[in-house]
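Visitor: Next input, structure requested:
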Amino acid sequence: MANVKRFPENPILIPDSTVSWESEATFNPSVVEGKDGVAHMLFRAVGAKQNIDGAEVEVSSIGHAAGKNGTRFGTREQLIAPVEPWEKFGCEDPRVTEFEGSYYIFYTAVSEFSADGIKVAVAITKDFKTIDARHLVTPFNAKAMALFPERVNGKIAALITVNTDRPPAKICLAFFDNIEDIWSKDYWDAWYAHFEDHAIAIEQNEKDQIEVGSAPLKTKEGWLVFYSYIDNYFSPPAIFGIQAVLLALDDPKTVIGEVKRPFMIPQEEYELYGRVPHIVFPSGALIKGADIHLYYGAADTTACVATLKKKELIEQLLFTEERQLKRYEGNPIIAPLSEHAWEAQCTFNPAAIYTGGAVHILYRAMSADNTSVIGYASSPDGVHIAERLPEPIYVPRADFEQKRVPGGNSGCEDPRITKLGDTIYMCYAAFDGIDPPRVAFTSINEKDFLAQRWNWAQPMLISPPGMDDKDAALFPKQIKGKYVFLHRLGSEIWIDAVDDLTFSGGKFLRGSILMHPRDTAWDSKRIGITAPPIETRYGWLLLYHGISRRTGHYNVRVALLDKKDPTKILYRTHDPLFEPRTPYEREGIVSNVVFPCGAVVIKNQLFVYYGGADKVVGVASIDIDFLIEGLVREAQERY
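Guide: Modelled structure (predicted):
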């Protein structure tokens, strides 16, 4: 991710114990440049406790300081203090924007310490000396509102965080015809009735919190917005991070660039220790030449600044989105057929192989009694289904995959197929409904396969008994005279090399761990391979799925293994290149799942076949060279 450099003289603002209104904290700064080149900082100040309505409370107000270079500021003065009933317990966390000759300072107005008493207000000034007007903005619970610095398609535009204290919070867009609409109760009542229609698609977990950080910055690529993403905010320990998103200039509801991980987390002493430890909270940003100055609050105590290279950040945001697999517009390409009992419930998790001038898709299908079998379809171009057989091509045959619990799941699940020589090998998960799923292994001659003579070899179990083992595949060539398998045992991806494919003498797959889940990424809970490895001139390309502890969602990532020694991981992506986004991926038998089991390369285009929400089959594609170049590039990025 983009390299962040904290200002060596941080904090740039610390509380003054001799001044009552800012004796405890000065943090969450927002900065705007005036016409004279002076940088004006608005910040939240916390003073000594006061007795209000019989309660001893700390009251926040908003201070002002000015400086020439954006890092050093002079004398501070209190600019906005609580005077109205709707802010009697404090004025917090300002976001300031210069718009059409005036400065609009949005802040959190606290009338009581409950969701109903936490709303957005605005103060308007032309000189940061006199407040010309102040208004209560929202009649509902909200925080963190910021105005765009210019009109968007002729409309006044703003970002606002709705339901911050009635989670899940949403970052939303609001458009106004007139300035007065900003504080119009009638406007907001109508807007709030459908606020989810105005939400920007920033993925979050119900245990997490998001808030607008900076006012939008205009770049030629799009509107750059920093925001706060707080993991486990509602089930501590919370982890505060700063993230960024790039929105389309003419349609800021559209996300055109995003990296779904923080580029900044608490690390320095002044971020780790304070009134509320372990906090970095973005509240303002300025573009200064080739740099971005990012202003943030540290530990709810002091104000700080960090710099990022604008070009580097925007390129990373755009590239992460460009590197996403592109869904075929005709998805899903395979869906359940009610007239076929064996595939009436769901069709998903497809294997794929390109041979004989066509893509052959072997998909898992389930009947109403939850028996899994394998169906067949083919495509001449990778996306259009030309043939789909009316009967399954593979059904449970061995005792270890027969149903032992009436109505329970059982059968042959999640196939992966590999062509090695003139033989096609298939690994799949065999399940009887009682014992843990195990890896089963079978094969068929390629000529029989292409002629649809389904003379599959008798399956055998190749993973250890009593262990949940699945997501297995054979490499499509021998390496150093060995047959190499990948499989998932526990939460990790394992690799094993065997002398032959007979698995005689009680031999089973085991080997060693190739890849672990990562606590710092969205593959933190469990990982497993998707399609069998693909040989490229760079190395073995391995797509794998990950499940996040944070969301429970499945997503797809990629790694590159050494060509001669695949136990060595050359590169491994941090950001997902595919995740649930469409209705057929978000809603189904198991929601929020994209689960590939097959991939093929046709004219340098990688086609990935996947199950959507354990219900249907979809396909997505990407140029394979672009994918690998991006993998190398991302792996070389440093936090």
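
Visitor: okay, CA-based contacts and neighbour counts for the rest of this
Guide: Fine.

Visitor: Next, work out how far apart residue 504 and residue 441 are.
Guide: Going from residue 504 to residue 441 by Cα to Cα, to the nearest Å gives 13 Å.

Visitor: what helix or strand is the closest residue to residue 529 other than its chain neighbours on?
Guide: Closest residue in space to residue 529, ignoring its immediate chain neighbours: residue 544 at 4.1 Å, by Cα to Cα, 6 or more residues apart in numbering. Assigned by DSSP states H and E, residue 544 belongs to strand 540-547.

Visitor: who's in contact with stretch 505-521?
Guide: Residues from elsewhere that reach stretch 505-521 (Cα atoms under 8 Å, 6 or more residues apart in numbering): 261, 461-464, 485, 491-497, 523-527, 546, 548, 567-569, 574-575.

Visitor: Mind checking the pLDDT average for that stretch?
Guide: Stretch 505-521 carries an average pLDDT of 86.

Visitor: Stretch 9-21 too?
Guide: 96.

Visitor: Verify the contact between residue 352 and residue 364 for me.
Guide: No - applying Cα atoms under 8 Å, one finds residue 352 not in contact with residue 364, separated by 11.6 Å.

Visitor: Those two: which has the busier surroundings?
Guide: residue 364 (32 against 29; other Cα atoms under 10 Å).

Visitor: which ones are touching the more buried one?
Guide: For residue 364, the contact set (Cα under 8 Å, 6+ apart) comprises 347-350, 372-375, 412-415.

Visitor: Find the helix or strand that it is a member of.
Guide: Using DSSP H and E, residue 364 sits in strand 358-366.

Visitor: Enumerate the positions of that strand that are buried.
Guide: Of the residues in strand 358-366, 358-366 count as buried by neighbour count, 16 or more other Cα atoms under 10 Å.

Visitor: Need the contact partners of stretch 570-577.
Guide: Applying Cα under 8 Å, 6+ apart, the contact partners of stretch 570-577 are 259-261, 320, 323-325, 521-522, 555-562, 631-632, 634-635.

Visitor: hang on, the earlier thing: and residue 504 and residue 441? which has more neighbours close in?
Guide: Of the pair residue 504 and residue 441, residue 441 is the one with more neighbours under other Cα under 10 Å, namely 27 against 9.

Visitor: need the helices for this structure, in chain order.
Guide: Taking DSSP state H, the helices of the chain run over residues 185-192, 269-272, 310-322, 446-450, 583-586, 624-636.

Visitor: and the second one, which residues are buried?
Guide: Going back to what we said before, that points to helix 269-272. Buried residues in helix 269-272 (16+ other Cα under 10 Å): 270-272.

Visitor: likewise the fourth one?
Guide: Counting neighbours by 16+ other Cα under 10 Å, one finds that the buried residues in helix 446-450 are 446, 449.

Visitor: And stretch 566-579, by the same measure?
Guide: Quick answer for stretch 566-579 (16+ other Cα under 10 Å): 566-567, 569-579.

Visitor: same deal with stretch 528-543?
Guide: Along stretch 528-543, these residues count as buried under the neighbour rule (16+ other Cα under 10 Å): 528-535, 539-543.

Visitor: Out of those, which is nearest to residue 158?
Guide: residue 543 (39.7 Å; Cα to Cα).

Visitor: gap between the residue lying closest to that closest one once chain neighbours are set aside and residue 58?
Guide: Of all residues not flanking residue 543 in the chain, residue 558 sits nearest, at 4.4 Å (Cα to Cα, 6+ apart). With distances taken as Cα to Cα, residue 558 is found 50 Å from residue 58.

Visitor: Looking at those two, which one has more neighbours?
Guide: The residue with more neighbours, out of residue 558 and residue 58, is residue 558; 23 against 16, by other Cα under 10 Å.

Visitor: residues in contact with the more buried one?
Guide: By Cα under 8 Å, 6+ apart, the contact set of residue 558 is 541-544, 572-573, 577, 631.

Visitor: Which of those residues sits closest to residue 217?
Guide: The closest of the contacts of residue 558 to residue 217 turns out to be residue 577 (Cα to Cα; 26.5 Å).

Visitor: Now do that closest one against residue 630, distance only.
Guide: Per Cα to Cα, residue 577 is found 10 Å from residue 630.

Visitor: before we move on, what about residue 459?
Guide: Between residue 459 and residue 630 the computed distance is 39 Å (Cα to Cα).

Visitor: swap in residue 416?
Guide: For residue 416 relative to residue 630 (Cα to Cα), the value is 26 Å.

Visitor: ditto for residue 475
Guide: Distance from residue 475 to residue 630, by Cα to Cα: 24 Å.

Visitor: circling back: now the helices of the chain in CSV, with distance to residue 235 and mean pLDDT?
Guide: Listed next are the helices of the chain as CSV, based on distance: least, Cα to Cα, whole Å; pLDDT from 0 to 100:
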stretch, distance to residue 235, mean pLDDT
helix 185-192, 27, 97
helix 269-272, 19, 97
helix 310-322, 29, 88
helix 446-450, 53, 98
helix 583-586, 24, 94
helix 624-636, 31, 79
